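Have a look; sequence and predicted model below, questions after that.
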Amino acid sequence: MQKYQLSLFIFQNDLRVKDNLALQAASDNSEKLICCYCFDQSLTRYGRYGIASLGKHRLNFLMDSLESLRAELEKRGQQLLILRGSFEKEVTRAISELGADAVFVSEQQGVYERRHLDLVKKRFPFLSLFETPNNTLFSEDELPFLLTDLPTTFSQFRKQVEPLKDSYLLTDIKSLAPTPKNFKAAPARLSKSSTTHQMYRGGELAALSHLKNYFSEDYASDYKQTRNALDDFQSSTKFSPWLALGCMSARQVMSALRSYEQQHEANESTYWISFELLWREFFFWYAKKHGAKLFAFKGLSTKSPKTSFYPERFQKWCSGNTPFPIVNACMKQLNATGYMSNRGRQLVASCFVHELGLDWRYGAAYFEHQLIDYDVSSNWGNWQYLAGVGADPRGHRRFNLEKQTAQYDPEGEFIKRWGGNIKTLPIDSVDAADWPVKHDEN
Ligand SMILES: Cc1cc2nc3c(=O)[nH]c(=O)nc-3n(C[C@H](O)[C@H](O)[C@H](O)COP(=O)(O)OP(=O)(O)OC[C@H]3O[C@@H](n4cnc5c(N)ncnc54)[C@H](O)[C@@H]3O)c2cc1C
């Protein structure tokens, strides 16, 4: 292929240099290259559900990841241009002003991210636009079915993809195509929120160091027994924040897992890590297939759930002020750290839908705001699943919160640590039986 004179590489949820197949494609096929990231400030403002998409934990993790990316690019003779504003407007302007003749990106699963690219394509019909599969273990071509025939349940999906491949060829980019002469990316003015204590540091270096540390101990050998713990850093892998922003790839994780299995042992626990990574994979393809239905109240179902939006209940759930101590503790943990265990997420989501009767989309939007590992497909896909309107819609997935508390926090330590045991008033300060409210009684 003849090289493009000047290409633009747009980083999205692939903030790494190693094993970045899309960046590699851009560099190999371009004489000159400009690497950029578009920071959409509207994500920090109130969105559709009255909540900003990008909360302070996410923002800090993202800023660290961009700093780390810039350093990795500089080591390879490149720079990072930060565009600020809406993707559509800023990317279009950059293509015009820089005179790029090709754009390279990683394949996206989210419908809105895909729409952005469609708009760029429409605006520049003669521009070459390359999307490289980069965030999943398998590319769409490798799947043993067409995306339109994606299995409706995770089990069917897993059985079909599990035998596909077992080893992953990882790439390391030692040098990159240069920027045009005299190009100088202006220093970015992106600041972190100072009002948060950061548990996790974003970026490729931190990701690879965590990956190495995790597999240098024997945590993976007990993963299946420990993964449901509510609050212990080593109980599950904690790979999700870095996977979500693409500071490391799922292929790198699988390769590290396979090496561990060869050098130490392969058991049910190590298998279960790959099993969970397939959930991530499943939701990626699920989001790509179902597009805007991922955000619809009905999801894939034909009937709307019998839930609604009650501001007071929602606010109490968000702040961890419900009649359910385990839910309160999990929500306070999320608010303080930007992370919650998988078990915790299942419990608070079940409470949200089944105990509080709330519209699941508000819960998903709150998670989007808070979670440092926020990933469009895993988040909205899991919420749909729990609300009974998504993959495998076998009615309600309702957790008995008392039983779950007895099982996962028998001594009440977790609840105590996060202050879940608070004296709460009834979930509704006014309920239907109180109507009409007589003001002279107050
Ligand atoms: C309501 C709800 C919302 C969620 N939102 C997100 C989200 O926005 N981003 C996200 O990455 N995960 C999400 N999950 C899935 C899961 O809770 C997290 O991936 C997991 O808790 C991350 O911790 P870990 O890396 O230690 O996971 P581990 O247990 O160590 O699992 C290893 C990896 O497998 C993947 N994985 C595990 N469970 C799931 C799952 N159920 N669905 C998809 N991938 C999975 C993740 O990439 C994870 O890092 C959500 C789950 C629920 C129930």
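Noted; the coordinates are in hand.

Spell out the residue ranges of the strands in the chain.
4-11, 30-39, 81-84, 102-106, 128-132 (DSSP state E).

Skip the chain neighbours and tell me the closest residue to the residue nearest the centre of the chain.
Geometric centre of the chain, nearest residue: Asp375, 1.8 Å, by CA atoms, centre = their mean. In this structure, Asp375 finds its nearest non-sequential neighbour in Ala244, 4.3 Å apart by CB to CB, 6 or more residues apart in numbering. (Glycine included, C-beta is placed from N, CA and C.)

Mind pulling up the pLDDT for the one you found?
At Ala244, the model reports a pLDDT of 98.

Count the neighbours of it for me.
Ala244 sits with 24 neighbouring residues when counted by other CB atoms under 10 Å.

ok, it - contacts?
For Ala244, the contacting residues are Asn13, Ile372, Asp373, Tyr374, Asp375, Ser378, by CB atoms under 8 Å, 6 or more residues apart in numbering.

what's the second one in contact with, if anything?
Right, Ile372. His57, Arg58, Phe61, Tyr200, Gly202, Pro241, Ala244, Gly338, Tyr339.

Any chance of the strands of the chain in TSV with distance to the ligand as columns?
Converted to TSV, these look like this (distance: least, CB to the nearest ligand atom, whole Å):
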stretch	distance to the ligand
strand 4-11	19
strand 30-39	20
strand 81-84	24
strand 102-106	16
strand 128-132	20
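
out of these, nearest to Arg361?
Closest to Arg361 of these is strand 30-39 (CB to CB; 25.2 Å).

Check which residues of that closest one are buried.
For strand 30-39, burial by neighbour count (16 or more other CB atoms under 10 Å) applies to Ser30, Lys32, Leu33, Ile34, Cys35, Cys36, Tyr37, Cys38, Phe39.

quick one: average confidence on it?
97.

Taking strand 4-11 as reference, get the angle to it.
30 degrees (axes from the mean of the first three to the mean of the last three CA atoms, to 10 degrees).

Give the partner strands of strand 30-39 in its sheet and their orientations.
Using DSSP bridges, the strands paired with strand 30-39 are strand 4-11 (parallel), strand 81-84 (parallel).

deepest of the ones you listed, which one?
Of the strands paired with strand 30-39, the one with the most neighbours on average (mean count of other CB atoms under 10 Å) is strand 4-11, at a mean of 23.

What angle do strand 102-106 and that strand make with each other?
Strand 4-11 runs at 30 degrees relative to strand 102-106, counting by the same axes, to 10 degrees.

can you list the residues that contact strand 4-11?
When contacts are defined by CB under 8 Å, 6+ apart, strand 4-11 is touched by residues 22-23, 26-27, 29-38, 69, 80, 91, 94-95, 98-105, 128, 177, 180.
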